[in-house]
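[1] Pasting the sequence and the predicted coordinates here, then a few questions.
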Amino acid sequence: MNANVSGLGENEELKNSSPTTESPELPTTTESTDEVAAAQAAANGAPDAPMPSATEEQDAEQAGVEASSEPVIETEAEVEASSEPVLETESEVDASSEPAMEPEAEGAWLNDAAAPDLKTFKRGDVVEGTVTSTSPTAVYVDVGGKGEGVIPGRELERMNRETLDQLKPGSVIPVYVVNPNDHKGEMILSVNRALEELDWRKAEEFKQSQDVYESHVAGYNKGGLIVRFGRLRGFVPQSQLGADRKRLISGETPEDRWGAMVNEPIAVKVMEVDRARNRLILSERAAARESRESRKESLINKLKVGEVREGRVVSLVDFGAFVDVGGAEGLVHLTELSWKHVTHPREILKVGQEVTVEVISIDPDAKRIGLSLKRQEADPWDTIATNFMVGQLVQGRVTKLTKFGAFTQLVDVPEIEGLVHISELSDQRVNHPREVVHEGEIVTLRVVKMDIENRRLGLSLKRVNSAEYLDMDWTSPNE
């Protein structure tokens with residue numbers, strides 16, 4: 001009888017979805033006749049069917065439970081999979097619920113899809129645009145978006161003539177987006193703000209690169225110089241001025257100190273950029289050395305020997321004077337300062353003095369420029385060539401004594417110095433010129449040699465009373 005209960009349990013488990021529905025009761029009338037017959041045969045002890053042990057019954061029950069659970073899991077997976085088409089159908093239903101697109105709207109959509117490069121703008125953008133039309137009260141600019149922007153009349157009133165002349169139909173200009181969509185639906189643009197913004201960006205670039213910026217002094221205040229950086233106003237504090245410019249500072253008021261520097265060229269480096277405070281600090285001192293070399297190289301390529309330039313004396317040294325001739329310095333050697341004898345440049349020049357010089361030599365490799373002051377004056381040797389002759393008596397002032405003779409300045413032509421050789425001082429043996437003459441002494445001399453080409457004048461003291469010139473001395477000047 002135990003076998004019947006066990007067999008019925010297995011069939012009952014196959015009908016239920018969970019093993020928890022096991023029941024030891026006999027099958028109900030809903031069971032099939034075949035199943036009941038099979039159970040009775042097993043109970044009667046068929047010869048080929050041995051009675052299973054209790055352990056085998058438990059194993060069979062466990063196997064039946066595991067086997068019966070597999071179709072249930074598969075059925076749940078199939079149910080989950082079968083739900084996907086339902087979701088797809090809902091999506092299709094949502095899509096089908098949208099109103100049908102009108103032909104005109106569809107064309108607009110196609111146009112938008114065909115033009116993906118349409119631009120959108122925000123406040124502060126700086127873009128290039130093309131002027132499409134102009135009027136006294138507004139300028140319309142195509143900036144590549146869906147519509148045109150407008151430069152209002154109030155900005156046109158503040159523009160200079162040069163900028164206004166550039167606002168012609170077809171001109172490409174930079175513009176600053178003030179408002180991408182105002183209360184009238186217009187895009188408000190500004191040229192002045194765009195140029196100013198570009199200058200701020202340029203200042204940032206110069207600060208990063210530390211390149212030298214060439215400009216002019218636009219003004220001053222009590223603390224230093226105002227220098228234009230495009231449309232921006234940069235400030236060069238007195239502490240950041242170059243050494244050459246500092247030497248020119250004099251006076252108590254800002255006008256006395258800085259007034260003469262307005263409109264002068266200046267090279268600077270950007271030291272500080274602060275847009276929020278509208279602050280741009282520049283330094284001439286930082287740029288001085290680099291700019292001097294670059295300007296000199298540029299000037300050397302332009303200069304020609306014989307060219308005359310206006311310059312300013314920037315420094316004096318024992319052997320000459322350095323003169324700025326347009327951004328680069330050239331040397332006026334001591335011998336080129338004047339036709340007359342000069343012991344030190346300070347005798348005829350001072351720092352800051354404006355002078356006219358002639359370029360007499362250029363050395364591109366050594367980056368040297370030779371200048372002359374005296375060649376811009378009348379050549380006194382022309383006077384010597386026309387008014388003097390060998391054998392003529394002249395008055396001279398002794399200027400310098402050397403072991404080989406005495407240099408003497410002509411009284412009538414002070415720009416010219418002649419040499420009294422030691423052998424022309426006396427008929428007697430002379431060991432040193434100071435035995436015969438003294439510096440500052442004025443003596444009568446005779447011209448014994450004239451070399452106009454090499455600019456040399458030979459004088460003699462011992463031949464003043466020589467008989468060989470007796471006839472010349474007694475000749476009347478009117479003959």
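    Perfect, I can see it now. Residues are numbered from 1 along each chain as shown.

[2] all strands of the stretch 251-400 of the chain, in order?
    Ranges of strands within the stretch 251-400 of the chain are 265-274, 279-283, 308-317, 320-324, 329-333, 354-363, 368-372, 393-402, based on DSSP state E, counting those that start in this stretch.

[3] can I get those strands in JSON lines with mean pLDDT?
    Below are the strands of the stretch 251-400 of the chain laid out as JSON lines (pLDDT from 0 to 100):
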{"stretch": "strand 265-274", "mean pLDDT": "92"}
{"stretch": "strand 279-283", "mean pLDDT": "93"}
{"stretch": "strand 308-317", "mean pLDDT": "91"}
{"stretch": "strand 320-324", "mean pLDDT": "92"}
{"stretch": "strand 329-333", "mean pLDDT": "91"}
{"stretch": "strand 354-363", "mean pLDDT": "92"}
{"stretch": "strand 368-372", "mean pLDDT": "92"}
{"stretch": "strand 393-402", "mean pLDDT": "92"}
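
[4] With respect to P237, which of those lies nearest?
    For the strands of the stretch 251-400 of the chain, the distance to P237 is smallest for strand 279-283, at 7.3 Å, taking C-beta to C-beta. In this view, the C-beta of every residue, glycine as well, is placed from N, C-alpha and C.

[5] quick check, distance from the closest one to the centre of its chain.
    Centroid separation between strand 279-283 and its chain, computed with C-alpha atoms, centre = their mean, to the nearest Å, is 14 Å.

[6] Over to stretch 308-325?
    On C-alpha atoms, centre = their mean, the centre of stretch 308-325 falls 31 Å from the chain's centre.

[7] One more: stretch 398-417?
    57 Å.

[8] how about that stretch: buried residues?
    For stretch 398-417, a neighbour-count test (16 or more other C-beta atoms under 10 Å) marks V398, L401, G405, A406, F407, T408, Q409, L410, V413, E415, I416, E417 as buried.

[9] Could you identify the least confident member of those residues?
    Lowest pLDDT within those is found at E415 (84).

[10] Hmm, L337 and it touching each other?
    No - using C-beta atoms under 8 Å, E415 makes no contact with L337, being 11.4 Å away.

[11] low-confidence ranges in the stretch 101-250 of the chain?
    Along the stretch 101-250 of the chain, the parts satisfying pLDDT under 70 run over 101-119, 145-147.

[12] which residues in the stretch 301-450 of the chain form helices?
    For the stretch 301-450 of the chain, the helices defined by DSSP state H, counting those that start in this stretch occupy 380-387.

[13] Disregarding flanking residues, what is the spatial nearest neighbour of E415?
    Spatially, and ignoring its direct neighbours in sequence, E415 is nearest to W339 (3.4 Å; C-beta to C-beta, 6 or more residues apart in numbering).

[14] tell me the contacts of the one you found?
    K374, E377, D379, P380, E415, I416 (C-beta atoms under 8 Å, 6 or more residues apart in numbering).

[15] repeat that with 6 Å
    K374, P380, E415 (C-beta atoms under 6 Å, 6 or more residues apart in numbering).

[16] Could you do G153 as well?
    Going by C-beta under 6 Å, 6+ apart, G153 touches T137, A138.

[17] Quick test: name the residue nearest the centre of this structure.
    F206 (3.2 Å; C-alpha atoms, centre = their mean).

[18] nearest residue to it other than its sequence neighbours?
    Nearest residue to F206, sequence neighbours excluded (C-beta to C-beta, 6+ apart): V270, at 4.4 Å.

[19] Likewise for V411?
    V411's closest residue in space is Q395 (C-beta to C-beta, 6+ apart), at 4.1 Å.

[20] so can I have a markdown table of the strands of the stretch 251-400 of the chain showing distance to V175?
    A markdown table is the format used below for these (distance: least, C-beta to C-beta, whole Å):
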| stretch | distance to V175 |
| --- | --- |
| strand 265-274 | 23 |
| strand 279-283 | 23 |
| strand 308-317 | 43 |
| strand 320-324 | 42 |
| strand 329-333 | 44 |
| strand 354-363 | 45 |
| strand 368-372 | 46 |
| strand 393-402 | 73 |
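
[21] Tell me which of those strands lies nearest to K222.
    Per C-beta to C-beta, nearest to K222 of the strands of the stretch 251-400 of the chain: strand 279-283, 16.2 Å.

[22] can you pull the buried residues of that closest one?
    Within strand 279-283, judged by 16+ other C-beta under 10 Å, the buried ones are L280, I281, L282, S283.

[23] ok, the buried residues of stretch 398-417 vs K350, which is closest?
    Set against K350, the nearest of the buried residues of stretch 398-417 by C-beta to C-beta is E415 (20.6 Å).

[24] quick one: that closest one and L445, what's the gap?
    Using C-beta to C-beta, to the nearest Å, E415 is found at 17 Å from L445.

[25] pull the CA atoms of stretch 463-471 into PDB?
    C-alpha atoms of stretch 463-471 as PDB (Å, rounded to 0.1, in the frame of the first residue of the first chain):
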ATOM      1  CA  ARG A 463     111.600 129.100 -40.200                       C
ATOM      2  CA  VAL A 464     109.700 132.200 -39.200                       C
ATOM      3  CA  ASN A 465     112.700 134.400 -39.800                       C
ATOM      4  CA  SER A 466     114.200 132.200 -42.600                       C
ATOM      5  CA  ALA A 467     115.700 134.100 -45.500                       C
ATOM      6  CA  GLU A 468     114.100 131.800 -48.000                       C
ATOM      7  CA  TYR A 469     110.700 133.400 -47.400                       C
ATOM      8  CA  LEU A 470     112.000 137.000 -47.200                       C
ATOM      9  CA  ASP A 471     110.500 138.000 -50.500                       C
END
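
[26] Would you mark the buried spots in it?
    Quick answer for stretch 463-471 (16+ other C-beta under 10 Å): R463, Y469.

[27] just stretch 418-430 next, same as before
    In stretch 418-430, counting by 16+ other C-beta under 10 Å, buried: G418, L419, V420, H421, I422, E424, L425, V430.

[28] Tabulate those residues in CSV, adding columns for pLDDT and distance to K367.
    CSV is the format used below for the buried residues of stretch 418-430 (pLDDT from 0 to 100; distance: C-beta to C-beta, whole Å):
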residue, pLDDT, distance to K367
G418, 92, 37
L419, 93, 36
V420, 94, 41
H421, 94, 40
I422, 93, 42
E424, 92, 44
L425, 92, 46
V430, 90, 47
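
[29] mind putting those in CSV, distance to N263 included?
    Converted to CSV, the buried residues of stretch 418-430 look like this (distance: C-beta to C-beta, whole Å):
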residue, distance to N263
G418, 47
L419, 48
V420, 52
H421, 54
I422, 56
E424, 57
L425, 57
V430, 60
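
[30] Tell me which of those fall in strands.
    G418, L419, V420, H421 (DSSP state E).

[31] Is there a neighbour count for the residue lying closest to G326 once chain neighbours are set aside? I'd like the number.
    The spatially closest residue to G326, leaving aside those adjacent along the chain, is L299, at 6.1 Å (C-beta to C-beta, 6+ apart). For L299, the tally of surrounding residues (other C-beta atoms under 10 Å) stands at 19.

[32] repeat for V447
    V447 is flanked by 21 other residues according to other C-beta under 10 Å.
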